[in-house]
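1. structure for the following, please:
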Amino acid sequence: MQNNKLRFVILIFSVFTGISVLASIIYFKQFKLYNCEEILKQVKKEFNNVEASYILHIPKTYQKFGIETKVVHGGISVNKDDKLVHYEFIADAFNGQVIDIYEI
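-> Below is the predicted model of the structure:
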């Protein structure tokens with residue numbers, strides 16, 4: 001009888017441990033930050049004659065239309081008609097989607 005109780009407790013503990021590990025993996029995959037270098041490559045593909053570019057790897061809180069998320073900022077300089085034009089961009093830190101690009 002004592003042996004069956006111990007097996008039951010171990011089984012319940014194992015099931016809860018497995019569920020906890022699975023939930024943790026799903027949570028951290030969902031909120032894992034996107035690779036900043038990939039975001040920069042994606043932005044550079046949209047422009048021709050790129051002279052210089054940068055991205056800040058530190059995410060900051062950004063709010064637009066009442067939605068708050070973490071974003072990364074970056075910039076790019078493009079040679080356009082023999083003139084250097086500078087752009088800045090904002091991208092979602094979790095999925096890498098570019099939110100806004102604007103000329104400065």
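
2. for Phe89, grab the count of nearby residues.
-> By other Cβ atoms under 10 Å, 22 other residues sit near Phe89. In short, each C-beta sits where N, CA and C put it, glycine included.

3. any idea which element it lies in?
-> Assigned by DSSP states H and E, Phe89 belongs to strand 83-92.

4. do the same with Tyr54
-> Counting by DSSP H and E, Tyr54 is part of strand 50-55.

5. the following helix or strand past that strand pairs with which strands, and in what direction?
-> Where DSSP H and E defines the elements, the next helix or strand beyond strand 50-55 is strand 60-64. Using DSSP bridges, the strands paired with strand 60-64 are strand 67-80 (antiparallel).

6. hmm, who's touching the partner strand?
-> With contacts defined as Cβ atoms under 8 Å, 6 or more residues apart in numbering, strand 67-80 is touched by 33, 36, 39-40, 43-44, 47-63, 84-94, 99, 104.

7. just the buried residues of those residues.
-> 36, 39-40, 43, 47, 53, 55, 59, 62, 87, 89-93 (16 or more other Cβ atoms under 10 Å).
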